[in-house]
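Q: I would like to see how this sequence folds:
(chains A and B)
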Amino acid sequence: ETGVTQSPTHLIKTRGQQVTLRCSSQSGHNTVSWYQQALGQGPQFIFQYYREEENGRGNFPPRFSGLQFPNYSSELNVNALELDDSALYLCASSSPLGGGETQYFGPGTRLLVL
Amino acid sequence: AQSVSQHNHHVILSEAASLELGCNYSYGGTVNLFWYVQYPGQHLQLLLKYFSGDPLVKGIKGFEAEFIKSKFSFNLRKPSVQWSDTAEYFCAVILTTGNQFYFGTGTSLTVIP
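A: Residues are numbered from 1 along each chain as shown, chains lettered A, B, ... in the order given. A predicted model of the protein is given here:
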């Protein structure tokens, strides 16, 4: 176990709805990254939060947004859900001593959009 | 374009067979390299990582990987696989100055008892 927890474990939404996914980072880690893993693919970087600020973003539209709280937990919000948003959403925590650090992954939230 | 390639999408082996999974990357800067494993129904777990030093790194459960800088490769090996090694294996790369992992598409390994 990595100490990274995510909730909920599974979620079913319909097209156009909004969803919020939550992540608690490993103790001592102040950085959280979010990834989307579509079926049969490797995880794709969505964005990273460090000390409550966005610290890098992948190729995802603005309807994917996030927050990080003072206790370093984080949320991923997705607005106007589309069918292609169905995927496993992974949260990873790390401690960015200088970049390139190991990331420790949570179990993920599986989102199904109907 | 920056990318991570895993050449084997599906591998089926009998127990005690040797394993080698390929991983190549294309990035211009200095990178750190990782192999993660995802057992059925479980989360991504770190198998091993390379930051610097000896290019042959050893990880958990008898896995090892060799970084060959000239070939931009970081292949995963295990001399004798077990049924419990059945899982999805992902190679990942991160720039030493960066903050995002670039993952390969994964290799599904099935070990037949």
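Q: pLDDT weak spots in the chain?
A: You didn't pick a chain, so chain A it is. A:1-2, A:96-100 (pLDDT under 70).
Q: actually it's chain B I care about, not the one you picked
A: Using pLDDT under 70, chain B drops low at B:1.
Q: what's the burial count for A:Arg63?
A: 13 (other CB atoms under 10 Å in any protein chain shown). All C-beta spots, glycine's among them, are computed from the backbone N, C-alpha and C.
Q: any idea how far B:Trp35 is from the residue in chain B positioned nearest to chain A?
A: When scored by CB to the nearest CB, chain B has B:Phe103 as its residue closest to chain A, at 3.3 Å. For B:Phe103, the distance to B:Trp35 equals 11 Å [CB to CB, to the nearest Å].
Q: Now the common contact residues for these two.
A: B:Phe90, B:Cys91, B:Ala92 (CB atoms under 8 Å, 6 or more residues apart in numbering or on different chains).
Q: Just the buried residues of the residues you listed.
A: B:Phe90, B:Cys91, B:Ala92 (16 or more other CB atoms under 10 Å in any protein chain shown).
Q: Just send those residues back as TSV, with distance to B:Pro79 too.
A: Output for these, formatted as TSV (distance: CB to CB, whole Å):
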residue	distance to B:Pro79
B:Phe90	21
B:Cys91	19
B:Ala92	23
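Q: Among those, which are located in strands?
A: Among these, the members found in strands (DSSP state E) are B:Phe90, B:Cys91, B:Ala92.
Q: Beta-bridge partners for the last one, please?
A: Translated: B:Ala92. B:Phe34, B:Phe103 (DSSP bridges).
Q: residue contacts, it?
A: Counting by CB under 8 Å, 6+ apart, B:Ala92 has contacts A:Gly42, B:Val4, B:Leu33, B:Phe34, B:Trp35, B:Tyr36, B:Phe101, B:Tyr102, B:Phe103, B:Gly104.
Q: which residues sit in contact with the third one?
A: If a contact means CB under 8 Å, 6+ apart, then B:Leu33 has B:Cys23, B:Tyr25, B:Lys49, B:Tyr50, B:Ala65, B:Phe67, B:Phe74, B:Cys91, B:Ala92, B:Val93 as its contacts.
Q: Name all residues that make contact with the residue of chain B closest to chain A.
A: A:Tyr35, A:Gly42, A:Pro43, A:Gln44, B:Val4, B:Phe90, B:Cys91, B:Ala92.
Q: ok, so of the residues you listed, who is nearest A:Ser73?
A: Nearest to A:Ser73 among the contacts of B:Phe103 is A:Tyr35, at 16.7 Å by CB to CB.
Q: What's the separation between the closest one and A:Glu101?
A: Applying CB to CB to A:Tyr35 and A:Glu101 gives a distance of 15 Å.
Q: Compare neighbour counts for these two and give me the winner.
A: Each of A:Tyr35 and A:Glu101 has its neighbours counted (other CB under 10 Å); A:Tyr35 has more, 26 against 19.
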